[in-house]
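Q: please find the sequence and the predicted model below.
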Amino acid sequence: MPYDIKIDNFEGPLDLLLHLIRKNEMDICDIPIAEITGQYLATIDAMQSLNLDIAGEFLLMAATLVHIKSRLLLPQSEDDLIEAEEEDPRAELVRRLLEYQKYKEAASKLDSRPLLCRDVFARKFPSPELAALEEDEFQSVGLYDLVEALRGLIRNVPEACYHDVTFEQMSVTDRINQILSQLAGKENLPFGDLFTPSPSRHEIVVSFLAMLELVKLRMVRLLQNARLGTIWLFPAVAEEHMAGLDFDEDVLGYD
Amino acid sequence: MDTIDLKPIIEALIFVSESPVKAEQIAEALDVEKPVVVPLLRQLCSDYASDSRGIVLEETAGGFQFRTRPEYAEWVRRLSRNKPFRFSRAALETLAIIAYRQPIIRAEIEYLRGVDSGGVLKTLLDKHLVRILGKKDVPGRPMIYGTSRDFLELFGLKDLSGLPTLKEFNELALEAPPAGDESP
Amino acid sequence: MDTIDLKPIIEALIFVSESPVKAEQIAEALDVEKPVVVPLLRQLCSDYASDSRGIVLEETAGGFQFRTRPEYAEWVRRLSRNKPFRFSRAALETLAIIAYRQPIIRAEIEYLRGVDSGGVLKTLLDKHLVRILGKKDVPGRPMIYGTSRDFLELFGLKDLSGLPTLKEFNELALEAPPAGDESP
């Protein structure tokens, strides 16, 4: 092997580049591009031969390095010579490396602080004195909590499966019509039955919106006997009325 | 190890324990015999017994536990009463539904949550996070709810379009969580 | 009321609280002005600063909280049989970037780290260390992120100004990333 390569867990291409620069004691502002490109590509090869998953970002950086290298090798045209101000092809990369190095260092400084629950401990439980006063209360609230609360309402839907990358983009309107036909002739339907065995996130969200829309239009009633229990759909309109209805995008205001 | 150093460690151990700690447990954690620990516990008790302290070390239920001095119970209650409003799950859920589905009537909120939401709605109205937009033109003329200006202020939003969508979250969630993260 | 009596009450109030207590909250509970409380809080801090104590009174996340002395972490873990948690490097890097560059959008984080950061962001949001500040007024309306109060509390920071100074590795003028950076 031409290079002595130790495969660490690199956080990304910038992390790997910084590692190589440090190992070779290179000047970060004057990187020998040919040398670093060789080592970078060799490391990626080694990672691949170890069957490590190479993220796309690593390959993109490889392409960038090769591109910079080729630009440096090209003879400079007269125009370039006149325009001596032209930026070094490495400049952008150097800036990113310096910036990344700064935050990497800041991260390790943060990690060296006495962390709560790791190095220092506080009373993180209701004191007996106050136990009776605070029950069923939420820690703090932010926008994220709000969305999570909404997500919580659909969380009992089976976890989505992502193996199928090419899922069908279905519209809310399509879904409403599908749900109505699924409901036709039934007394009720569990929410979970609206889905294929391994639904995509998109399908879940669209179905949820469709369900809300049906509730808003008072065509369906949703009932649940316990929090996080099964949600049941009940047709709220007599069937003869439902059959004649057809929704289009304009009515609902969805794209 | 010098026994003089053990007292602050014992203090720390009792402080973080959720329930009263037995002398035996402390001895085991410190890898010493119980007779080493007991006199130190007595000393700690008397250190805290002074009137100038707000906390006492009490022997209760066979173990040791810090408690606030009983005389201060009223102050403790006053502090917890003055605490900023904290959301219950029910309140947060209801607020989320109203925020995302407004204008909305109570019956719709209750369909979605599957439980009676009158009480929570009242709390949210009292806290001025939710307001009445009007009455719906259907039999019974139910009230229509929406979020208020205070709601926007609380969440630091300029307007309702600043609310994150479920779609944006699902995009974040699509990524697998990073390996090896074990933070609390 | 004599101010001499207030110190132990303040001690009790801080002790009983689960999260850091602000001087304002204490003043309100005690029905006194904040300037009465502040010097007493300082005194309490120095009372606890002695080596012979296992607990310290720390100012963190804008309030005051009792914490065990860092030197005793190992003993506390032995008693509670807790394994020390470890942050993944991805989580730490992302947190550092958000802490120093907030308000920041995901694209900027990913430009700085050079890798997709959706999964880490989701984890940090789940752990309440990062919060959504709103949406940026640019096409696509991306969400803006910042650190939370829990972040300050976890890292024992009084406020964001307590963050360690960033070490500049070079005087090179750093240009803003293409995503349109507006951080301080």
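A: It's in.
Q: how close does A:Gly185 get to C:Leu13?
A: Counting by CB to CB, to the nearest Å, the gap between A:Gly185 and C:Leu13 amounts to 64 Å. Glycine gets a C-beta too; all of them are placed from N, C-alpha and C.
Q: which of those two has more neighbours?
A: When A:Gly185 and C:Leu13 are compared on other CB atoms under 10 Å in any protein chain shown, the one with more neighbours turns out to be C:Leu13, at 25 against 8.
Q: neighbours of the residue nearest to the more buried one when sequence neighbours are not counted, just the number please.
A: On the basis of CB to CB, 6 or more residues apart in numbering or on different chains, the spatially nearest residue to C:Leu13 that is not a chain neighbour turns out to be B:Leu79, at 5.0 Å. The tally of other residues near B:Leu79 (other CB under 10 Å) stands at 23.
Q: ok, now A:Gly12?
A: Here the number of neighbours of A:Gly12 (other CB under 10 Å) works out to 20.
Q: mind listing what B:Leu57 touches?
A: Contact analysis of B:Leu57 by CB atoms under 8 Å, 6 or more residues apart in numbering or on different chains lists B:Ile14, B:Leu41, B:Leu44, B:Cys45, B:Asp47, B:Tyr48, B:Phe64, B:Gln65, B:Phe66.
Q: contacting residues around the residue nearest to C:Leu13?
A: If you count contacts by CB under 8 Å, 6+ apart, B:Leu79 has them with C:Leu13, C:Val16, C:Ser17, C:Val21, C:Gln25, C:Ile26, C:Ala29.
Q: what do you get if the cut-off is 10 Å, keeping everything else the same?
A: Contacts for B:Leu79 (CB atoms under 10 Å, 6 or more residues apart in numbering or on different chains) come out as A:130, B:72, C:9, C:12-14, C:16-17, C:21, C:25-26, C:28-30.
Q: what's the answer for B:Gly140, then?
A: Contacts for B:Gly140 were tallied using CB under 10 Å, 6+ apart; they are B:Ile105, B:Ala107.
Q: which phi and psi does it have?
A: Backbone torsions of B:Gly140, given as degrees, to the nearest 10, read phi 90, psi -20.
Q: so which of the contacts of B:Leu57 are also by chain C?
A: Intersecting those with the surroundings of chain C, defined as CB under 10 Å from any CB of the partner chain, gives B:Ile14, B:Leu44, B:Asp47, B:Phe66.
Q: tell me which residues in the helix or strand harbouring the residue nearest to C:Leu13 are buried?
A: When secondary structure is defined using DSSP states H and E, the element that contains B:Leu79 is helix B:73-81. For helix B:73-81, the buried set under the neighbour-count rule, 16 or more other CB atoms under 10 Å in any protein chain shown, comprises B:Trp75, B:Val76, B:Leu79, B:Ser80.
Q: could you dump that helix to PDB, C-alpha only?
A: Written as PDB, here are the backbone C-alpha positions of helix B:73-81 (Å, rounded to 0.1, in the frame of the first residue of the first chain):
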ATOM      1  CA  ALA B  73     -43.100  25.000  53.200                       C
ATOM      2  CA  GLU B  74     -45.200  28.100  52.500                       C
ATOM      3  CA  TRP B  75     -42.400  29.800  50.600                       C
ATOM      4  CA  VAL B  76     -41.800  26.700  48.600                       C
ATOM      5  CA  ARG B  77     -45.500  26.600  47.600                       C
ATOM      6  CA  ARG B  78     -45.300  30.300  46.600                       C
ATOM      7  CA  LEU B  79     -42.400  29.600  44.300                       C
ATOM      8  CA  SER B  80     -44.200  26.800  42.500                       C
ATOM      9  CA  ARG B  81     -47.300  28.900  42.200                       C
END
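Q: centre of the chain to it, how far?
A: How far helix B:73-81 lies from its chain's middle: 16 Å, per CA atoms, centre = their mean, to the nearest Å.
Q: which helix or strand lies directly C-terminal to that helix?
A: Using DSSP H and E, the helix or strand that follows helix B:73-81 in sequence is helix B:89-101.
Q: check whether that next one contacts chain C.
A: No: counting by CB under 10 Å from any CB, no contacts exist between helix B:89-101 and chain C, the nearest distance being 13.4 Å.
Q: same thing with stretch A:10-18?
A: Yes: using CB under 10 Å from any CB, a contact is recorded between stretch A:10-18 and chain C, made by A:Phe10, A:Glu11, A:Gly12, A:Pro13, A:Leu14, A:Asp15, A:Leu16, A:Leu17.
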